[in-house]
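Participant: Dropping the sequence and predicted coords here.
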Amino acid sequence: MMQPTARSSHLTKLVILALLGTISLILFFLNFPLPFLPPYLKIDFSEVPALMAALIFSPMAGVIVEGIKNVLYLVVSGAADPIGVLSNFVAGVIFIVPAAVLYHRSKGVKSVVSGLVTGTIIMAVAMSVLNYYVFLPAYAWFIGAPEMAATTAKWVAVTGGILPFNMLKGLIVGILFIPVFMKMKTWIEKKRMDLAS
């Protein structure tokens, strides 16, 4: 049996990433709010395909899947909220990259768990800072609501919504992803070796 050429391997990888990006977009639409948090903060599982790509290939593959998801969402939504889309992309990247880096350094379930925990903490802290200084003021400017850029309003939004939301989202996505990963670990490793050959 002939080994796949580098070109066909590259094409296969692109097809897989495009497929995972599309699945991620679908999961992005299947979102739900948490009853004790602001309704505009919604949980979704669109990071799961990006995590899968990051573990099969590399952290950059996960970033690409996140990019595909958000670009497709911009196209579908008509660019109604570019600030929110950019925020989602940044949060997704910050979450999945630590998990992928730790997994590729020491492959196993423990490295995935520690990576997800690390990614959750980094995402929660970084997104709190970025929302306070960048995303909330930018969004206030975008919709013409300067009062949202006030220090008190930003502080309440971050501490009462964004920080706990990102901690919970990382926890919920991680709890869902770990059993999926354990079931698919052998397939992931086989696929990674096949594409590397």
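Facilitator: Alright, I've got the coordinates.

Participant: make it CA atoms for all contacts and neighbour counts henceforth
Facilitator: OK.

Participant: For the nearest residue to G115 once chain neighbours are set aside, give me its contacts.
Facilitator: Nearest non-adjacent residue to G115, counting by Cα to Cα, 6 or more residues apart in numbering: A99, 3.6 Å away. Taking Cα atoms under 8 Å, 6 or more residues apart in numbering as the criterion, A99 is in contact with 51, 111-116, 118-119.

Participant: what packs against the helix or strand hosting M184?
Facilitator: Per DSSP states H and E, M184 falls inside helix 163-196. Applying 3 or more Cα pairs under 8 Å, 6 or more residues apart in numbering; DSSP states H and E, we find helix 163-196 packed against helix 6-29, helix 47-56, helix 109-130.

Participant: Can you add mean pLDDT and give those helices back as JSON lines?
Facilitator: JSON lines is the format used below for the helices and strands packed on helix 163-196 (pLDDT from 0 to 100):
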{"stretch": "helix 6-29", "mean pLDDT": "86"}
{"stretch": "helix 47-56", "mean pLDDT": "92"}
{"stretch": "helix 109-130", "mean pLDDT": "92"}
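
Participant: between those helices, which one is nearest to W141?
Facilitator: Closest approach to W141 among these (Cα to Cα): helix 109-130, 15.4 Å.

Participant: Low-confidence stretches in the chain?
Facilitator: Residue ranges of the chain with pLDDT under 70: 1-8, 79-80, 143-150, 188, 191-192, 194-197.

Participant: Please give the element, helix or strand, for the most centrally placed residue in the chain.
Facilitator: Geometric centre of the chain, nearest residue: G92, 2.5 Å, by Cα atoms, centre = their mean. If you go by DSSP H and E, G92 is part of helix 82-105.

Participant: could I have that helix exported to CSV, CA atoms only?
Facilitator: Coordinates of each C-alpha in helix 82-105 appear next as CSV, following Å, rounded to 0.1, in the frame of the first residue of the first chain:
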residue,chain,number,x,y,z
PRO,A,82,-17.4,42.2,15.1
ILE,A,83,-16.3,43.1,18.7
GLY,A,84,-18.0,40.0,20.1
VAL,A,85,-16.6,37.8,17.4
LEU,A,86,-13.1,39.0,18.0
SER,A,87,-13.6,38.5,21.7
ASN,A,88,-14.8,34.9,21.1
PHE,A,89,-11.8,34.2,18.9
VAL,A,90,-9.3,35.5,21.5
ALA,A,91,-11.0,33.6,24.3
GLY,A,92,-11.0,30.4,22.3
VAL,A,93,-7.4,30.6,21.4
ILE,A,94,-6.3,31.4,25.0
PHE,A,95,-8.3,28.4,26.2
ILE,A,96,-7.2,25.7,23.7
VAL,A,97,-3.5,26.6,23.3
PRO,A,98,-2.4,25.7,26.8
ALA,A,99,-4.2,22.3,26.6
ALA,A,100,-2.6,21.5,23.3
VAL,A,101,0.9,22.6,24.3
LEU,A,102,0.8,20.5,27.5
TYR,A,103,-0.6,17.5,25.6
HIS,A,104,2.1,17.6,22.9
ARG,A,105,4.7,17.9,25.6
